Structures are given as C-alpha cells and as structure tokens.
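Need a 3D model of the following:
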Amino acid sequence: MLKEKIWEFDCELFFNGNVINQFTITDHFQISHSEIKIETIVKIVNKLNNEEIESLNYVGNREVFSWKVFYQGKNYRLIFWFKDQTTDHLWIRNCYRID
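Here you go, the predicted model:
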C-alpha cells in the first residue's frame, strides 16, 4: 500500500469560532480530480476565513465538513475536518469542481 502524500501549510484563519494555524492537504484529490492544483486548493482553503459551516456528519469521532464555494467563476466542493481532534489544524481530504 502506498503512503499518502501530504502538504502542510501555516495560516491564520478564523473558522467556526476557532483560530486555525495550520492545514494539511492530502493527495486524495488526485485520484479522480487531477485537474485541481495544490495552489488552487490553498486559495480555496483561505476563503474559509470567517466562515461558519455546519458539519455534514460524523465518521467515527470525526466531524466532517462539506463546503461549496465559488472561486474564479467556478463552483468547488471542499471536504475537510479537524486534524486529530484539534481545533487549530484542518485536514483537507478532497477538493473538486461541481456544477
């Protein structure tokens, strides 16, 4: 089994009442959405600043968020959660274009 590739970034975001200092992007998005670039995902994540989003559901003890965002004339879906039950680090699992 191949090890998941990750990219980590420092940031200053305020999301759902929490100060976010870091986020991690996994390579999961490349499985079916290889046209999306890391730089695009970083810019979309930064648009989370000052957002309040209701979670989609819980998977185990993980609260999963699904966010529809309009960026550069296109709609995207960002799937993410808090990393390892923290409140200052987001784990970005997927990002893809939607119609």
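
Cross-check the contact I'm expecting between V19 and H89.
No: contact between V19 and H89 fails when scored by C-beta atoms under 8 Å: they sit 10.5 Å apart. C-beta coordinates here come from the backbone N, C-alpha and C atoms, glycine included.

all strands of this protein, in order?
Assigned strands in the chain, in chain order: 6-15, 18-26, 57-59, 62-71, 74-82, 89-98 (criterion: DSSP state E).

lowest-pLDDT helix or strand in the chain?
strand 57-59 (a mean of 76; mean pLDDT, DSSP states H and E).

possible to save the strands of the chain as CSV with mean neighbour count and distance to N46?
Formatted as CSV, the entries for the strands of the chain read as follows, by neighbours: other C-beta atoms under 10 Å; distance: least, C-beta to C-beta, whole Å:
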stretch, mean neighbour count, distance to N46
strand 6-15, 14, 7
strand 18-26, 17, 9
strand 57-59, 9, 25
strand 62-71, 15, 10
strand 74-82, 18, 11
strand 89-98, 18, 11
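
rank those by mean pLDDT and give me the bottom one.
When the strands of the chain are compared by mean pLDDT, strand 57-59 comes last with a mean of 76.

got a list of contacts for that one?
For strand 57-59, contacts defined as C-beta atoms under 8 Å, 6 or more residues apart in numbering pick out V64.

can you give me how far that strand is from the chain middle?
For strand 57-59, the distance between its averaged C-alpha position and the chain's averaged C-alpha position is 15 Å (C-alpha atoms, centre = their mean, to the nearest Å).

how near is F23 to W7?
When distances are taken as C-beta to C-beta, to the nearest Å, F23 and W7 turn out to be 9 Å apart.

Over to N50?
Distance of N50 to W7, given as C-beta to C-beta: 23 Å.
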